[in-house]
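Novice: Predicted model and sequence follow; I will ask about them next.
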Amino acid sequence: MPLHTVSGLWIIILTLTSEFSCSGEKSYRNKNEKFINLAVSTDYVYIGGETSLIHLNSSLKPIKTIKQLDLQDQTIQYKNWLLTVYNNEILIECSYKFKDEKFDELSRCRNYKLDLNYFDNESKELKIKQPSAMRYVTSTMENADILMIASSSCLIHTSNENCNAISSYKFEETLGELSSFVYVTYRDEAKHVNFKTLFEIDKYIYVLFNNFNPQERHSKLGKICTSFTDAKYCPYEDTKIQCIHNTKVYTDAQDAVSWKGYIYIAFNDDSSSVICRYNLVDIKAKLKKSRQTRLECPYAAENNYFKEDVLQYSGKNYCFNKSTQLCQGMIQVPCPEVTDDLVGFCNNHFFGPVQGKLILLNDMIIFSEDNSVSGAVVKLGALPFYNHAVIYAGTTTGKIGKNLTGRAQTGINLKNENTCGRSQQVLLEPEW
């Protein structure tokens, strides 16, 4: 897993300051570059920008800057869209060509050694139809190292030309080709979702996204298994998620982190922000119920965003009979994919992506504040310890606060952390 990755951000004015020192030497400032992604290993910090890849040491002193230019045409630049450290051993970097506001769909991906003195053969199997927010995570699936990407526009692998929303790719320490592994495809190339984050808990990778319709704004939490046995089937499901605070309903999720059986999700609207807690036991139960309701006989619903979840067995369509707890068609057969609490969903052979409609609700509020005080909360981070975790929150005005969870709830104090009496401006805005 990457030690730390922040993606999809413009950092307009950047000051990175060591958490344990107020020395002016332990900071890095750059006003000449637009920064998109940040990745961290034990010894290094990496920044992927619009025109360069920047390498810093752990004290934030610059080591080198690699200009991302085309070898044949120096006026063509490579803009970073993916940057992550895997297993504290390699840096994975992907970028696409652009010149005069025009871009080349075909991307270039590289595996770098952590000192950036060497990269393996380039991979050119991924295409992006339109620059958009990308969220990604590294994991292990079927004993293979994989890179999973959630794309808010079509991400295409050259082997099949599918319009992928969520896709994963096998990779080795030597990059070579990125082999397409498992994917969830968009139903309509013009109807996409806005992915906010991916994170792994146990054998699942969870995804958080919201839609682009301001008149009917909603968010969904989904999950994909990493421990299934047949890669041609995609065990993906999701359901709606909301947060209620003082009778007010929040539907626009921004970011999420997890710690010891809980998921913490930030929501905001035009006037206020909240950070809400969800119990994983409740989430699993609600997803199961939502899955059963979605596939219940008579089965006639359609997915809104992702390609269909048609139940098929020997060429016959099936639906879920709640009374018998069986999949019903020409015959009735067991379908643990719908009923099993443990491994059934991960070994499904009946259906693809299941988009549920039941609503997940929070069990606790750990922060709430009017946006006029500190700005809207848009990013979360978690620093885990044995018996507690520090939840960090970042706002659109550049303020950062923290909360100790697992101990007495202390609340989040949003301020400019560790500025040592200096004004520190860090503006974090969605890139696209």
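Specialist: Okay, I see it.

Novice: Give the rounded mean pLDDT of the helix or strand hosting Leu83.
Specialist: In the assignment (DSSP states H and E), Leu83 maps to strand 77-86. Mean pLDDT, computed over strand 77-86, is 89.

Novice: Any idea how far it is from the middle of the chain?
Specialist: 15 Å (C-alpha atoms, centre = their mean, to the nearest Å).

Novice: Which elements pack onto the very next helix or strand once past that strand?
Specialist: On the C-terminal side of strand 77-86, the closest following helix or strand by DSSP H and E is strand 90-99. Using 3 or more C-beta pairs under 8 Å, 6 or more residues apart in numbering; DSSP states H and E, the elements in contact with strand 90-99 are strand 44-49, strand 77-86, strand 102-113. C-beta: built from backbone N, CA, C; applies to glycine.

Novice: between strand 90-99 and strand 44-49, how big is the angle?
Specialist: Interaxial angle, strand 90-99 versus strand 44-49 (axes from the mean of the first three to the mean of the last three C-alpha atoms, to 10 degrees): 20 degrees.

Novice: which secondary structure elements does the helix or strand containing Ala150 contact?
Specialist: In this structure, Ala150 sits in strand 144-157 according to DSSP H and E. The contact analysis (3+ C-beta pairs under 8 Å, 6+ apart) places strand 144-157 against strand 77-86, strand 126-128, strand 134-141, strand 164-170, strand 179-185, strand 194-201, strand 204-210.

Novice: Nearest to Gly352 among the ones you listed would be which one?
Specialist: Nearest of these to Gly352, taken as C-beta to C-beta: strand 179-185 at 7.7 Å.

Novice: follow-up on the earlier one: out of the helices and strands packed on strand 144-157, which gets the lowest mean score?
Specialist: For the helices and strands packed on strand 144-157, the bottom mean pLDDT is recorded on strand 179-185, which sits at a mean of 74.

Novice: quick one: buried residues of stretch 273-289?
Specialist: Of the residues in stretch 273-289, Ser273, Val274, Ile275, Cys276, Arg277, Tyr278, Asn279, Leu280, Ile283, Lys286, Leu287, Lys288 count as buried by neighbour count, 16 or more other C-beta atoms under 10 Å.

Novice: Contact partners for the last one?
Specialist: In other words, Lys288. Neighbour list for Lys288: Asp341, Phe345 [criterion: C-beta atoms under 8 Å, 6 or more residues apart in numbering].

Novice: can we see that at 10 Å?
Specialist: Shown in contact with Lys288 (C-beta atoms under 10 Å, 6 or more residues apart in numbering): Glu237, Thr239, Val338, Thr339, Asp340, Asp341, Gly344, Phe345, Gly356, Leu358.

Novice: returning to what we had before: okay, now the sheet partners of the strand holding Ala150, with direction.
Specialist: Looking at strand 144-157 with DSSP bridges, its partner strands are strand 126-128 (antiparallel), strand 134-141 (antiparallel), strand 164-170 (antiparallel).
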